[in-house]
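**Q** the sequence and its predicted three-dimensional model are supplied below.
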Amino acid sequence: MKFVLNSIGTRGDVEPFITFAVFLKEQGHDVRCVFPEQFRFLAEDAEIPFSSLGSEFIDLIESDEGKLVMGGKGSLWKKLKAYIYLYNEGVRINKKLVQIQHDLIESEKPDRIIFNGKSSYPILWEMNNPGKSILVSPIPCLIHPVHNLAHVGFKGNYGKFINKLTYKLANFGLIKNVGSTTKRYRIELNVSERMLRKNILKQRLVYAISPTVFPKRDYWPDNVEVMGYHERVKTNHWEPSEELEQFLNVNPKCLFATFGSMLNDEPEQKTKIFMNVARKLNIPMVINTAAGGLVEPESYDRTKFCFVNQVPYDWILPKVYGVIHHGGSGTTHITLKNGCASLIIPHIIDQFLWNDILSQAGVGPKGMDVTKLSEKLLTDKMEQLYNNEDYRVKSGEFALKMKSESVLKTELVNYFTS
């Protein structure tokens, strides 16, 4: 079969689709990944054909306004201006992305489209190709209500009635956005926003999350599935430095800190907070600078700290005791899968939900919003993370259960082709 895998967002939004592409390619299917230009290297590394959505979307996220919204400090007025700017630019860019998606899909004529929630055109394409597109989300609480949790964009639990209302409001916003950005093609197909709203509830939806961590609700419709967190091997073209290997050998109980693809407007200050607290508690730490949310200082004690960039998590997590991270879905899952104690410093949207879920599950203390990160708050949390053995034990129990979910890989591929 011929597949188009279409994902828009940060690296955390794209990584699952690379994994799916690899799985499908292994089964002999024809696959093409359609991502922002910045992630071309991921497709090429996996030897998957790639089509670019351009660089503007990620450029917008990495702008000063994007950094402010995703974890920066600023006045309410300054943040409001940033939100307005991002919204207006986002509408403009999204219309361009829709045109690229339309032209590519019409050219490729795929049998299936697998897409994420930021990809607007496949939702419209589904109207004329029922059952041939599959929405995949690495985060829960979208579209179909969860009784004890509000929609992921609203953060929290406000009771069953209010929670349900948040999903209606979010779905209304989703359809207005899709309706607006696809208006040109929607008119050609004679599709109203009302028709889109009705169809989105029937859309096949796969939550690419662990049923151990977030099981399927028995009141969800049959078109919604929870089919496990899946990862690909990422160490094929990567080797650790001698410095990193030596550091881990000398410090068998250390912490790993990473903000993944999350940015903020004070990376030097955030890094300083981590290092000051680690020195105070005498905790060795590997710090991942990744996209730039944390940075390597010019000088530091290399016996206590080791800085890395883009280290594969499947290589380093089995070698560390605990992880301090942003709470992205992929990082959250792989941390649990490796039995690491976990402390989340959430930046945006679903990361606050994972912070609640993991702290309630007993695998680590509840973290604080990145904008509230301070030495005082982090000292208490990091000390708990490092010294409370119960967190590590509980995470190990999750890891054991998640290993049995490997059978879901075959079920997922079969679902994509059904």
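**A** Thanks, I have the structure now. Predicted, not measured: the structure shown is a model, and the values here were computed from it.

**Q** for stretch 282-294, what does the pLDDT average out to?
**A** Regarding stretch 282-294, the rounded mean pLDDT is 94.

**Q** and it, how far out from the chain's middle?
**A** Taking the mean C-alpha point of stretch 282-294 and that of its whole chain, the gap between them comes to 19 Å (CA atoms, centre = their mean, to the nearest Å).

**Q** for it, measure first residue to last.
**A** Its start and end residues considered, stretch 282-294 measures 20 Å (CA to CA, to the nearest Å).

**Q** is His347 in a helix, a strand, or coil?
**A** Under DSSP: H, G, I helix; E, B strand; the rest coil, the three-state class of His347 is coil.

**Q** any figure for the gap between it and His325?
**A** Here His347 is placed at a distance of 10 Å from His325 (CB to CB, to the nearest Å). C-beta: built from backbone N, CA, C; applies to glycine.

**Q** now Ala21
**A** As defined by CB to CB, Ala21 lies at a distance of 25 Å from His325.

**Q** what residues does the least confident helix or strand in the chain by mean pLDDT touch?
**A** Lowest mean confidence among the helices and strands of the chain (mean pLDDT, DSSP states H and E): helix 64-69, at a mean of 76. Where contact means CB atoms under 8 Å, 6 or more residues apart in numbering, the residues beyond helix 64-69 that reach it are 60, 74, 78-79, 81-83, 85-86, 263-265, 348.

**Q** name the helix or strand for Tyr83, please.
**A** Assigning secondary structure by DSSP states H and E places Tyr83 in helix 76-108.

**Q** which elements pack onto that helix?
**A** strand 2-6, strand 30-35, helix 56-61, helix 64-69, helix 121-128, helix 160-181 (3 or more CB pairs under 8 Å, 6 or more residues apart in numbering; DSSP states H and E).

**Q** again, only using 6 Å
**A** helix 56-61, helix 64-69, helix 121-128, helix 160-181 (3 or more CB pairs under 6 Å, 6 or more residues apart in numbering; DSSP states H and E).

**Q** need the CA coordinates for the longest one. CSV is fine.
**A** Once side chains and other backbone atoms are set aside, the C-alpha atoms of helix 160-181 remain, and they are given as CSV (Å, rounded to 0.1, in the frame of the first residue of the first chain):
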residue,chain,number,x,y,z
LYS,A,160,-17.6,15.4,34.5
PHE,A,161,-19.9,18.1,33.1
ILE,A,162,-17.3,20.9,32.8
ASN,A,163,-14.7,18.4,31.5
LYS,A,164,-17.1,17.4,28.7
LEU,A,165,-17.7,21.0,27.8
THR,A,166,-14.0,21.7,27.4
TYR,A,167,-13.9,19.0,24.6
LYS,A,168,-16.9,20.6,22.9
LEU,A,169,-15.1,24.0,23.0
ALA,A,170,-11.8,22.5,21.7
ASN,A,171,-13.5,20.6,18.9
PHE,A,172,-15.3,23.8,17.9
GLY,A,173,-12.0,25.6,17.7
LEU,A,174,-10.4,22.8,15.8
ILE,A,175,-13.2,22.7,13.1
LYS,A,176,-13.2,26.5,12.8
ASN,A,177,-9.4,26.4,12.2
VAL,A,178,-9.7,23.5,9.7
GLY,A,179,-12.7,25.2,8.0
SER,A,180,-10.8,28.5,7.6
THR,A,181,-7.5,27.1,6.4
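
**Q** against which helices or strands is it packed?
**A** On a contact count with 3+ CB pairs under 6 Å, 6+ apart, helix 160-181 meets helix 76-108, helix 193-200.

**Q** let's verify Pro110: helix, strand, or coil?
**A** On the basis of three-state DSSP, Pro110 is classed as coil.

**Q** and what of Phe307?
**A** From three-state DSSP, the assignment for Phe307 is strand.

**Q** the one 4 residues further on too?
**A** At Val311 the chain is in coil, as set by three-state DSSP.

**Q** from Gly339, how far out is the residue nearest to it when sequence neighbours are not counted?
**A** If the residues on either side of it in the chain are set aside, Val311 comes closest to Asn288, at 5.8 Å by CB to CB, 6 or more residues apart in numbering. From Asn288 over to Gly339 the distance is 19 Å, taken as CB to CB.

**Q** low-scoring stretches of the stretch 151-300 of the chain, by residue?
**A** Along the stretch 151-300 of the chain, the parts satisfying pLDDT under 70 run over 235-236.

**Q** where do the helices sit along it?
**A** 160-181, 183-189, 193-200, 242-250, 267-281 (DSSP state H, counting those that start in this stretch).

**Q** JSON lines please, covering these and showing mean neighbour count and distance to Val213.
**A** Written out in JSON lines, the entries for those read as follows (neighbours: other CB atoms under 10 Å; distance: least, CB to CB, whole Å):
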{"stretch": "helix 160-181", "mean neighbour count": "16", "distance to Val213": "19"}
{"stretch": "helix 183-189", "mean neighbour count": "14", "distance to Val213": "37"}
{"stretch": "helix 193-200", "mean neighbour count": "15", "distance to Val213": "25"}
{"stretch": "helix 242-250", "mean neighbour count": "14", "distance to Val213": "27"}
{"stretch": "helix 267-281", "mean neighbour count": "17", "distance to Val213": "26"}
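
**Q** so which of these gets nearest Trp125?
**A** helix 183-189 (8.8 Å; CB to CB).

**Q** who's in contact with the closest one?
**A** Residues lying outside helix 183-189 but in contact with it, judged by CB atoms under 6 Å, 6 or more residues apart in numbering, are His102.

**Q** show the buried residues in the contacts of helix 64-69.
**A** 60, 74, 79, 82, 85-86, 263-265, 348 (16 or more other CB atoms under 10 Å).

**Q** so what's the closest residue to Pro138 other than its chain neighbours scoring on pLDDT?
**A** Ranked by CB to CB, 6+ apart and with sequence neighbours excluded, the top spatial neighbour of Pro138 is Ser329, at 4.0 Å. Per-residue confidence at Ser329 stands at 93 (pLDDT).

**Q** Ser329 and Lys401, how far apart?
**A** When distance is defined by CB to CB, Ser329 is 18 Å away from Lys401.

**Q** with Val226 instead?
**A** As judged by CB to CB, Val226 and Lys401 stand 14 Å apart.

**Q** who's more crowded, these two?
**A** Set side by side, Val226 and Lys401 give different neighbour counts by other CB atoms under 10 Å, the larger being at Val226 (22 against 15).
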